[in-house]
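# Provided below are the primary sequence and the corresponding predicted coordinates.
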Amino acid sequence: MKQPQYGRFLDDFHIGDIYHHPWEVTIDDGMLAMFAGSFLDPNPLYSSSRFARDLGFRDRVVHPLVMLNLALSFTVHDVSEQAIAHLAYIDLKFPNAAYSGDTFSVYSEILGARVSESKPDRGVVHLRTTGINQDGIVLVTFERKALIPTGTLVGRAHPEIRHVTNKDEAGGGAVGSGSDGKHRLDSVLPVLPAELAGEIKVPRWPGRPLGCFEDFSVGDVILHSSGHTVGESEHMQLTLLTRNSHPLHFDEVYCRDRSFAKTRVVEGGLVFAWAASLASRDTTANALWEIGYDKGSHSAPVLAGDTLYAASQVLDKRDHNLGSGIVRFKLLGVKNEFPAGLLKRGINLFEGKFEQKVFEIERDVLLAKNPLNRRH
Amino acid sequence: MKQPQYGRFLDDFHIGDIYHHPWEVTIDDGMLAMFAGSFLDPNPLYSSSRFARDLGFRDRVVHPLVMLNLALSFTVHDVSEQAIAHLAYIDLKFPNAAYSGDTFSVYSEILGARVSESKPDRGVVHLRTTGINQDGIVLVTFERKALIPTGTLVGRAHPEIRHVTNKDEAGGGAVGSGSDGKHRLDSVLPVLPAELAGEIKVPRWPGRPLGCFEDFSVGDVILHSSGHTVGESEHMQLTLLTRNSHPLHFDEVYCRDRSFAKTRVVEGGLVFAWAASLASRDTTANALWEIGYDKGSHSAPVLAGDTLYAASQVLDKRDHNLGSGIVRFKLLGVKNEFPAGLLKRGINLFEGKFEQKVFEIERDVLLAKNPLNRRH
Amino acid sequence: MKQPQYGRFLDDFHIGDIYHHPWEVTIDDGMLAMFAGSFLDPNPLYSSSRFARDLGFRDRVVHPLVMLNLALSFTVHDVSEQAIAHLAYIDLKFPNAAYSGDTFSVYSEILGARVSESKPDRGVVHLRTTGINQDGIVLVTFERKALIPTGTLVGRAHPEIRHVTNKDEAGGGAVGSGSDGKHRLDSVLPVLPAELAGEIKVPRWPGRPLGCFEDFSVGDVILHSSGHTVGESEHMQLTLLTRNSHPLHFDEVYCRDRSFAKTRVVEGGLVFAWAASLASRDTTANALWEIGYDKGSHSAPVLAGDTLYAASQVLDKRDHNLGSGIVRFKLLGVKNEFPAGLLKRGINLFEGKFEQKVFEIERDVLLAKNPLNRRH
């Protein structure tokens, strides 16, 4: 009798191991529609073939948070199917545009695996994950940390690890070889796709909303009015669509005994995407690229039926070229109370912990300048 | 600190203003599948590339109620995100076929904005909305009325209105210039796409069900046996997929205080689409075109968990050409009770109000004649 | 006043009748994504265009259980919309690959219709169903049995049956003419698509998981750890997406009085697909083809909120060619308890009935041999 198990316990991880995750998925328009049915984002770069082509891309670009969710979920089978919690997002970048029709696969390199000093039954695994298309072009890369029980997983049904000695085989030499285990929290190098390398001419867009580069000032706090109540089927469908195999998200019998919340918990990557989408009309409608996310973490679980809200703070901004500039935002996700209500009750939204806070991250966004200003 | 708000209050509307709504969306097969997962419709014009091509179209045609839902939802950001209720559908037409791959955008012209005489805290906004593809071809156009609070919206985060002086710029001269503020309730001019302009040869369809032009007689009442219980995730996903941004449909915290139903309410355009799809096997399986809808209104809210039913009445019919004729139906939507049960309790389904009634509209449908009859 | 009814009662069926079911549907990427959002399957044949092409197919292959669900659901309108229960799956085969873009239609031949001896108010209808693409190529074929009330359906809104005298007209001569009413339970002839007719060279797949032909031994019992809690919207969306028109699955008002479970019941074809997908990581990640399913039946209903699990038993295995072999599995579906827990309580999972058992079937799978072994 066999009971195959997936994921790993802490002692199963070895620094330098590279896992080629089993999922290989052709991204399609169905996937984009299912994300569009949950994450309202006005940016036509992701929704309009016409706009994206006029901007210089081959077609509308797959939303970066679809790519993050796919890559994160693909790793679960090998890395975190036994994990207690997902701890941190570090140095998340989208070096090239992803398109519907691309066949996506993902590999991860173990950067660290360390037993907790205070709780020796668990430890932190640190890894860099990289997602590539059928030509080996890197579409997304990030580091993350997860909390994993110590010990060795019995019944582990994985193939043996094939160590990749020549990094080029992994399909992403430059990025792979940069995974040196050092956090790159202070990375400010914009990583832009080739299509945006030169001067940028923002295409005509009759319904263009507010929110160009000029509209943001350092220190601005924006309380986003949009909320989203998470549907039960909705979050399970998105979790499985991205091939996340952790039972915490879709197996209620497992969760009764083994979930810290005693019920199914919404996948972290989706909470991240909801925070970003709830902020999108006020901040990134005119984004030309998500340059990178960093210092991201989840501070409380989200369950089906919870209502999510978001707030943003402008941390920094600097000019990029004639048509665009970079704004650094802090993005916050909270649940079940309007950000304005929290603020009124004296809570400092962007510092420290509070009960309603579920997520925070920093992001660098390349924003179009207002094309009307360029004529003055 | 900013709290950007969308939609408008009554005093923000000015007759003649044209809003170019911000959403620009390439319609894709994913969108069609998500609609097919909620709205059962046997008409192969919308589901079969083979059939649609044999009829003369380039590909299967996007379901007209997908187009209505997209166009209606696109307007919410500018028009009705603060609305109390959606009041009426007027003169809804589908002048050209929409296809998967079309990039869809929408603009609206304000035809009226009038304070209520009985309740001066609200008023009625009347507008014509037009949806076009990437070539400016009009795919859908309709007028609607919405109930909006009086006053001016504070924190409104819209771009300035750019008045379109040359109507051609709006991409739909003929239709735009016809928006003269007069209701065209009595319009009976069939608006058919070019593909159906001449004689129509209905393609072979081995499984063709009953319901050709000859099968309907003026005065017929049809109680449709199909019902549909609305799923919580289901209606929210469809609402966001079409880019409807009114929190009434997907933000439970907002709804607790601000929804007239104290909970999330199903979007009207979806209720419309359910009524039509529940009637489809009995009435429009052999439809060649939805010529137009008119005199539509919602009479009660629908919530997740409600079960919808439909009934139809044949108001009129007339010959069109050798292969087709036009039938005018009244379409009724009710909730939580079979139409037959309501009738048994003495309720006049097609006149006046009753508790279970949620929707009514009139429609002109171009129906194929029975190809077997043509040989006699 | 008309109240059109669909499906048939027992006396409406006549041996030899052929129904061309009305649904004609172009399979699209949206449909594939919606299935991927519920049924986690690592096999890249169904998800990766790159892998499928390298194996010799034109594109990624539509998952066989999508095809089963479409074909089964298409028949409901004519066959089982009034059925009490679906009883059995017999001789289910997938003779050719289905692709996104294929236009799918289905016909069924009545093989038997017999009143129950113990309960004369009902009887068993036995039929063979065949699904074809736009070129008449058979994509799926199976027999099934359903329990149907005796009598004649009043208000039946079907077209007259057009008897197909020349079987070739039905688009699938070979299969149609083989539908002679004899069960073919013992069929062991592998039915493989032309692409797999010769020697098979399994494409490179960096993340290839365990579970090649060599890894299974006759008698093996595999308790799959994956579970799936069925979402309410989720199962209704998939039911309608496949055009299943039985109100048992999506009409709560109907179900209150007329469902044996007093509420909506999850469609059997979906339970089948969940059992197979929950087993997929442990058994069919390396499958090259689903040769056939047989002796399938449902033993208890599944409701929204139930959690499904699966177990497999290796019944037989035999060599096929240099690159592949055939494994016969028994596949079991249970609800709301881990298979391991049931076993611990002394339940014989693969024999007889027990409360948690919802589904069983036998399957022949063509499995790749481990490419690494071939070098030795």
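Okay, I see it.

# residues touching residue A:112, list them.
For residue A:112, the contacting residues are A:15, A:124, A:125, A:126, A:181, by CB atoms under 8 Å, 6 or more residues apart in numbering or on different chains. To be clear about C-beta, it is placed using only N, CA and C from the backbone, and glycine gets the same treatment.

# residue A:21 now?
Residue A:21 makes contacts with A:74, A:75, A:77, A:78, A:105, A:106, A:107, A:108, C:207, as judged by CB under 8 Å, 6+ apart.

# tell me where the stretch 201-350 of chain A has helices.
Assigned by DSSP state H, counting those that start in this stretch, the helices in the stretch 201-350 of chain A fall at A:232-241, A:252-258, A:268-283, A:339-344.

# now check the third one, is it near chain B?
Yes - applying CB under 8 Å from any CB of the partner chain, one finds helix A:268-283 touching chain B at A:281, A:282.

# count of residues packed around residue A:344?
Neighbours of residue A:344 under the rule other CB atoms under 10 Å in any protein chain shown: 9.

# coming back round to it: from the contacts of residue A:112, keep the buried residues only.
A:124, A:125, A:126 (16 or more other CB atoms under 10 Å in any protein chain shown).

# relative to residue A:55, which of those is nearest.
Comparing the buried ones among the contacts of residue A:112 against residue A:55 with CB to CB picks out residue A:126 as the nearest, at 36.0 Å.

# sec struct for the residue lying closest to residue A:322 once chain neighbours are set aside, please.
Here the nearest residue to residue A:322 in space, its sequence neighbours aside, is residue A:199; by CB to CB, 6 or more residues apart in numbering or on different chains that works out to 5.7 Å. State at residue A:199, reduced to three classes by DSSP: H, G, I helix; E, B strand; the rest coil: coil.

# from what I see, residue A:58 and residue A:97 are in contact.
Yes - here residue A:58 reaches residue A:97: they are 7.4 Å apart, a contact under CB atoms under 8 Å.

# which of the two has more residues huddled nearby?
The neighbour comparison of residue A:58 against residue A:97 (other CB under 10 Å) goes to residue A:97, with 25 against 12.

# could you tell me which residues make contact with that one?
A:57, A:58, A:61, A:62, A:139, A:193, A:195.

# SS state for the third one?
Yep, that's residue A:61 we're talking about. Secondary structure of residue A:61, reduced to three states by three-state DSSP: coil.

# name the nearest residue to residue A:139, sequence neighbours excluded.
Ranked by CB to CB, 6+ apart and with sequence neighbours excluded, the top spatial neighbour of residue A:139 is residue A:98, at 4.5 Å.

# and the residue of chain A found nearest chain B, how many neighbours?
When scored by CB to the nearest CB, chain A has residue A:33 as its residue closest to chain B, at 2.5 Å. Residue A:33 has 24 neighbouring residues, counting by other CB under 10 Å.

# cool, and residue A:83?
Neighbours of residue A:83 (other CB under 10 Å): 20.

# could you pull up phi and psi at it?
Backbone dihedrals for residue A:83, given as degrees, to the nearest 10, come out at phi -70, psi 150.

# what's the nearest residue to it if we skip its chain neighbours?
Closest to residue A:83 by CB to CB, 6+ apart is residue A:146, at 4.6 Å.

# pass me the low-pLDDT residue ranges in the stretch 251-376 of chain A, would you?
Scanning the stretch 251-376 of chain A for pLDDT under 70 picks out A:374-376.
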